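Enquirer: Just to be clear, the model below is a prediction. Sequence and coordinates:
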Amino acid sequence: MKTQTQNTILALVLSFLVITAWTLLFPPAQPELDTSAPLAGETTEGSDVVTPPAEGVDATTSAGTATSPGEDRTSALEDSPRIEIDTPDLEGSITLLGGRIDDLRLKGYRETIDEDAAIVSLFTPAGQDHAYYALYGWAPGGELELGDVPGAMTEWQIESGERLTPSTPITLAWTNAQNMTFRRTIAVDEHYMFTITQSVENGSGENQRLAPYGVIARHGTPDDLRGFFILHEGVVRQTDQELSEISYKDVTNLDFDPRESAAAETKQVTENGWIGFTDHYWMTVLAPEPGQPFTSVAKHAASADIYQTEIRLPTVEVAAGERASTTTRLFAGAKEWDTIRDYEKSEGIYRFLDSIDWGMFFFITKPMFAVLHWLNVLIGNMGWAIIGLTFVIKLVLFPLSYKSYVSMARMRELQPEMEKIKERVGDDKQAMQKEMMELYKREKVNPASGCLPILLQIPIWFSLYKVIFVTLELRHAPWIGWIRDLSAPDPSSIFNLFGLLPYAAPGPDSLVAFFSLGILPILLGVSMWLQQKLNPAPTDPTQAMIMGWLPWVFMFMLGTFASGLVLYWIANNVLTFTQQYTIMLSHGHKPDLFGNIRSSFKRKPKDEKK
């Protein structure tokens, strides 16, 4: 009995220490705005997109932007002719000045759970705070100069199409002084994938060398940067067989490259790859055609505080009278698991599903979310899907759990024999340990098996925390009643009697927020406490005190965690309670649940406390 109690305490203490360490290592961070950074869109040299060099082409810069610093969004959108973007999932526009895709909003997502909240804005025109856009062009080579190729300030003309929709692509055209005609055809699907085809017809009478590129530019760090260690935000890229993630801070710390005039990292991709920026729930990615070699670049121009990800395709030589073209893709939208998976399968974007940050337990988180997503589609409610996932996990772990609970029951059966050994050997600990081990071996009982299922829960719990925190499908997902967002803490509070009193609960920044327990955290503490009461309290006062406090410590520790995670823990406790009660009953040991509860409230005599 003592060994069983020690195993349970050990497992609970380990779980507690893990959660405590997790909370200390990964505290919620308040986003900070870098007020020292220059305003987006300053018209100083280098304040706009740096035209990327291609193979054999000298690096040059394109200064100037389409708008003035600090201009409001409406004015910025009116400063240049635009083509409307309208799809089932996107709305926005493309400016003809530079042909930038710089105005994009996600129709299916709102900033908050309020029905009248603004929809999420992804791309923002230059001249705005935190400007964010995609730009395409050609880098000059040979005798060509910067003004001979389209770039950030090119004034494009509409050749075909008036409105970009899934059924109506648009084509822009521009002819330089050498009679070279450049065209850019932009198509978009029903979700978040743009297809950009760039072409050039060489009417100059001479052979010309130039190279196509694509750029995603981001002015300053995002204003909603979460800053969690558990979540990657920044550059994400696939280069052949290697997936790499570079935080914004690490991008600024890259080695300075004089050719780039910025801190930069350049990698050659021989066959499959992509690069872009990832946020908590949104992402923008440049992806060449499968099998297309290219140069992948991540860099930061410190003078203007602009982050860039780039794809540079090999230099092409276009003979007089000939035509050359290239096609690339731009993903700009929400990190929806099924949508990204479909692009990986149907569009051949290599390992695109890995753009979601699955973490170091990816071998658990990826299949775990696949099951959770399937259950959500089947049931139609993410909260019930989490409970269903708990059933699946318990089913997978049932063989180990069964052995554990059987071992615990067998330990109860051996309790009389263990007491006899203690009486026989007295204070000789070495002899007692030897006889105990012989008893365990003879009766085929493993005293350590009791904590194995709980230890296995630790990586599962971490993985589920990762899934709930990172994946978009949990964002603003309701369950029942007051739980309207499973990715956020329980909004109810004991301080206003869970909404019965006519005043609001303390906010997350309040000094008493830690003690403002909601309904789910309280249910978590009660479920852990009831699970504890399946066994009598330890005879050791210290052990009994630790066991008595753990459920309530966990209740406060998990009170600020996502509701989905707390819901999983409650469901897991209920199922564990049921399993343990049933297995112990089947082995002739009916737990004295109510007796153990009553004894926990009895005052012990003073001599027992000593």
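Expert: Sure thing, it's come through. This one's a predicted model, so the numbers in the text were calculated from it and none came from an experiment.

Enquirer: For Met528, pull up the helix or strand it's in.
Expert: Counting by DSSP states H and E, the element that carries Met528 is helix 519-532.

Enquirer: what helices or strands is the following helix or strand past that helix leaning on?
Expert: Next along the chain after helix 519-532, taking DSSP H and E as the criterion, comes helix 541-557. Counting contacts by 3 or more CB pairs under 8 Å, 6 or more residues apart in numbering; DSSP states H and E, helix 541-557 packs against helix 2-25, helix 519-532. Every residue, glycine included, has its C-beta placed from N, CA and C.

Enquirer: avg pLDDT for helix 541-557?
Expert: The average pLDDT for helix 541-557 rounds to 80.

Enquirer: In a strand, Leu210, correct?
Expert: Yes - applying DSSP: H, G, I helix; E, B strand; the rest coil, one finds Leu210 inside a strand.

Enquirer: quick one on the thing from earlier: buried ones in the helix holding Met528?
Expert: 519-525, 527-532 (16 or more other CB atoms under 10 Å).

Enquirer: CA atoms of that helix as PDB?
Expert: What follows is helix 519-532 as a C-alpha-only set of coordinates in PDB (Å, rounded to 0.1, in the frame of the first residue of the first chain):
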ATOM      1  CA  ILE A 519     -16.400  26.800 -13.700                       C
ATOM      2  CA  LEU A 520     -14.100  24.500 -15.600                       C
ATOM      3  CA  PRO A 521     -11.000  24.900 -13.400                       C
ATOM      4  CA  ILE A 522     -13.200  24.200 -10.300                       C
ATOM      5  CA  LEU A 523     -14.600  21.100 -12.000                       C
ATOM      6  CA  LEU A 524     -11.000  20.100 -12.700                       C
ATOM      7  CA  GLY A 525     -10.000  20.400  -9.100                       C
ATOM      8  CA  VAL A 526     -13.000  18.400  -7.900                       C
ATOM      9  CA  SER A 527     -12.500  15.600 -10.400                       C
ATOM     10  CA  MET A 528      -8.800  15.200  -9.300                       C
ATOM     11  CA  TRP A 529      -9.900  15.200  -5.700                       C
ATOM     12  CA  LEU A 530     -12.600  12.500  -6.300                       C
ATOM     13  CA  GLN A 531     -10.100  10.400  -8.200                       C
ATOM     14  CA  GLN A 532      -7.800  10.700  -5.200                       C
END
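
Enquirer: Let me see the mean pLDDT of that helix.
Expert: Here the average pLDDT along helix 519-532 is 91.

Enquirer: Give the residue spans of the stretch 1-150 of the chain that score low on pLDDT.
Expert: For the stretch 1-150 of the chain, applying pLDDT under 70 flags the ranges 1-72.

Enquirer: Let me see the ranges of the strands in it.
Expert: Along the stretch 1-150 of the chain, counting by DSSP state E, counting those that start in this stretch, strands occupy 82-86, 90-95, 101-110, 119-123, 132-140.

Enquirer: Adding mean neighbour count, write those out as CSV.
Expert: Shown next, in CSV, are the strands of the stretch 1-150 of the chain (neighbours: other CB atoms under 10 Å):
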stretch, mean neighbour count
strand 82-86, 18
strand 90-95, 23
strand 101-110, 20
strand 119-123, 19
strand 132-140, 25
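
Enquirer: Looking at the buried residues of helix 519-532, spot the one nearest Phe294.
Expert: Minimum distance to Phe294 across the buried residues of helix 519-532 is 48.6 Å, recorded for Leu520 (CB to CB).

Enquirer: List the contacts of that closest one.
Expert: Leu520 makes contact with 483, 490, 563, 566-567, 570, according to CB atoms under 8 Å, 6 or more residues apart in numbering.

Enquirer: Which single one of the residues you listed is nearest to Thr175?
Expert: When the contacts of Leu520 are compared against Thr175 (criterion: CB to CB), the nearest one is Ser563, at 58.4 Å.

Enquirer: what's the farthest-apart pair in the contacts of Leu520?
Expert: Spanning the widest gap among the contacts of Leu520 are Ile483 and Ile570, at 11.9 Å by CB to CB.
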